[in-house]
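Asks: one predicted model, sequence on top.
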Amino acid sequence: MLSLLWLCLVSNRVAAQSPSEMTTGPTQAAPVPLSGREAGSNSVSVMQGTTNSGGGNTVNVINSSVTVQGSYSGSRPAGKLIDGVLSLTLGEALAMGLRENLGALEQSAAVQQAQGQRQVARSGLLPQLNTAVSEEFERLNLREQGVEVTSFPEAVKFNFFDARAARLNQSVFDLVRVRNLNSASENVHAQMHAARNARDLIVLAVGGAYLQLIATQARIDATTAQVVSSRAIFQQAADRLAAGLATRVDVTRSQVQLQTEQQRLRSLQADLETQKLRLARIIGLALGQRFAPLDTYPYVPLADITVETALPRAMQDRSDLRAAVAGVKAAEDSVKAARAERVPNLTVNADFGAAGITPSHEATGVYSVAGTLTIPLYEGGRIRGDIEQASAALRQRRAEFEDLRGQVDQDVRQAFIDLGSAADQVGVAKSNVDLAHETLTQSRDRFNAGVADTVELVQAEQAVVQADDDYITAVFEHNLAKVSLARAMGNAEQTLPQLLRKP
């Protein structure tokens, strides 16, 4: 009887110390958030408005700007700083932006993260194999364990060794894990399409910023010419005053106009430098690198593309739409996974190794094989809650997909509206430029002939300034509408060169 009691006590201690029961598996690393920054709005959009900056009889013009927010406004500065001024083409700027823009880098990291999540989901369906070794030294107080027999000592010592050379855990059938893997796979597809969509947004950001530089440089050139003209008129008025053919007010008026044009030139030059800094940040230009836009894009009418041909292409090529489709599929698999929680699952656990008092003394080969069938009976409503949550996400993603389809349709139609409006605006503005310059020439002739004062000259100069600015704005708007159309149709990297052609 005493021997049986001793054997039971020892057996219980050995069974309690089995490493196959003590250890569940390797420790897992805790993931960190993808970004260390606070979540914000990451977007690139074209903001539009109608202005009449000249007042009076000047035309109303569309005034657009590209708004770049969040990660798309930053970059990873790269490349070497070179001496002098770098001549930068639009193609080079696009290549740099697609490579170094923070929005592209962030989406690339999101793809990698989604791929890692898919690997984690896939690992749940693959064998889990590890090794566990343990050895324990323990001294027990038998009286504390309830052994009151005096023939037993008050305390005993134990020494256990257990080495499981291989310990296997295999999911034989688990529908939840299968559905989770499918959902994770669709999420990878969604992130890959989102990364391509980020490239389209970068094309819009870089293209818009580059065209803005071209427009501002054109305004500087036009204003420089006006400064030269205003200085000549001022000198002419001063000469006529000295000859007694003009009044002091004529000289003062022409001087005010000259200083106004000089101040406008300085403001445009400062604006140009600010825009260069903004573009450099978007494309990741080397810090402190001076550059100037090399390309110019005059007005070229759009041909060979209509709304009817652009819409089907957009529905097929827009990466954000494809990402939304993959997101819906991922949500559908998530619902299926939640419903599969009601289905039984089967797992197999097995191990083999050696156990004994010490590794070198009385060690014996041991093994175990166990199959476990788990049948959910009652989970307190948890499974139903999981299904409701997954179903809500699915409904939301389907609604977002339909909304995005409408947004794609709107983007394409709006781009063609802007193209048509800007083309009409170019025609009117070009006619006004010719008329304004002709009026200025006539006013100068009248002033030289002594039949007009500087009021007429200043007004004619202001009309030229406004007409030049309207024409530059109209050309910019037409080219920006082409960039917007490239983004609206999708695959902007290849579409933009087809739309934004030089004559």
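Replies: The structure has been received and is ready for your questions. Numbers count the residues shown, from 1 in each chain.
Asks: helices of the stretch 251-400 of the chain, start to end?
Replies: Counting by DSSP state H, counting those that start in this stretch, the stretch 251-400 of the chain has these helices, from start to end: 307-317, 319-339, 382-448.
Asks: so, low pLDDT: which residues of the stretch 251-400 of the chain?
Replies: The model of the stretch 251-400 of the chain has pLDDT under 70 over residues 361.
Asks: let's see that with 90 instead.
Replies: Low-confidence segments of the stretch 251-400 of the chain (pLDDT under 90): 251-258, 287-288, 302-305, 341, 352-367, 374, 376-383, 386.
Asks: so which of the helices of the stretch 251-400 of the chain is the most surrounded?
Replies: Per-stretch averages of neighbours, counted by mean count of other C-beta atoms under 10 Å, single out helix 319-339 among those, with a mean of 21. Every residue, glycine included, has its C-beta placed from N, CA and C.
Asks: who touches that one?
Replies: Helix 319-339 is contacted by residues 175-176, 179-180, 182-184, 186-187, 189-191, 193-197, 199-200, 315, 383, 386-387, 389-391, 393-394, 397-398, 400-401, 404-405, 408, 490-491 when judged by C-beta atoms under 8 Å, 6 or more residues apart in numbering.
Asks: let me see the mean pLDDT of the longest strand along the chain.
Replies: For the chain, the longest strand by residue count, based on DSSP state E, is strand 155-173. The predicted model assigns strand 155-173 a mean pLDDT of 83.
Asks: between the helices of the stretch 251-400 of the chain, which gets nearest to Met47?
Replies: Among the helices of the stretch 251-400 of the chain, the nearest to Met47 by C-beta to C-beta is helix 382-448 (12.2 Å).
Asks: give me the helices and strands touching that closest one, please.
Replies: If you count contacts as 3 or more C-beta pairs under 8 Å, 6 or more residues apart in numbering; DSSP states H and E, helix 382-448 packs onto strand 61-69, helix 175-242, helix 307-317, helix 319-339, helix 454-489.
Asks: how many residues are close by Glu92?
Replies: 16 (other C-beta atoms under 10 Å).
Asks: again with Asp470
Replies: For Asp470, the count of nearby residues is 25 (other C-beta under 10 Å).
Asks: where's it relative to Gln107, distance?
Replies: 39 Å (C-beta to C-beta, to the nearest Å).
Asks: and Asn141, by the same measure?
Replies: 63 Å.
Asks: hmm, back to that, distance to Thr131 added to the helices of the stretch 251-400 of the chain, as CSV?
Replies: Compiled in CSV, the helices of the stretch 251-400 of the chain are given as follows (distance: least, C-beta to C-beta, whole Å):
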stretch, distance to Thr131
helix 307-317, 51
helix 319-339, 32
helix 382-448, 35
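Asks: for Asp409, see how far away Ala330 is.
Replies: 24 Å.
Asks: meant to ask about Gln459, not that
Replies: 46 Å.
Asks: compare Asn141 and Gln107 and say which is more crowded by neighbours.
Replies: Just comparing Asn141 and Gln107: by other C-beta under 10 Å the higher neighbour count belongs to Gln107, 24 against 10.
Asks: so that one is in which element?
Replies: In this assignment (DSSP states H and E), Gln107 forms part of helix 102-123.
Asks: so for the following helix or strand past that helix, what's the average pLDDT?
Replies: Next along the chain after helix 102-123, taking DSSP H and E as the criterion, comes strand 128-141. Averaged across strand 128-141, pLDDT comes to 83.
Asks: just checking, what packs against strand 128-141?
Replies: Using 3+ C-beta pairs under 8 Å, 6+ apart: strand 128-141 touches helix 19-22, strand 155-173.
Asks: and the nearest residue to Ser230 once chain neighbours are set aside, how many residues sit next to it?
Replies: Nearest residue to Ser230, sequence neighbours excluded (C-beta to C-beta, 6 or more residues apart in numbering): Leu258, at 4.1 Å. Leu258 has 23 neighbouring residues, counting by other C-beta under 10 Å.
Asks: separation between Leu258 and Val458?
Replies: On the measure of C-beta to C-beta, Leu258 and Val458 end up 10 Å apart.
Asks: do Met192 as well
Replies: 60 Å.
Asks: same check, this time on Leu211
Replies: 32 Å.
Asks: and for Ala330?
Replies: Going from Ala330 to Val458 by C-beta to C-beta gives 66 Å.
Asks: same deal with Arg487?
Replies: Distance, Arg487 to Val458, by C-beta to C-beta: 43 Å.
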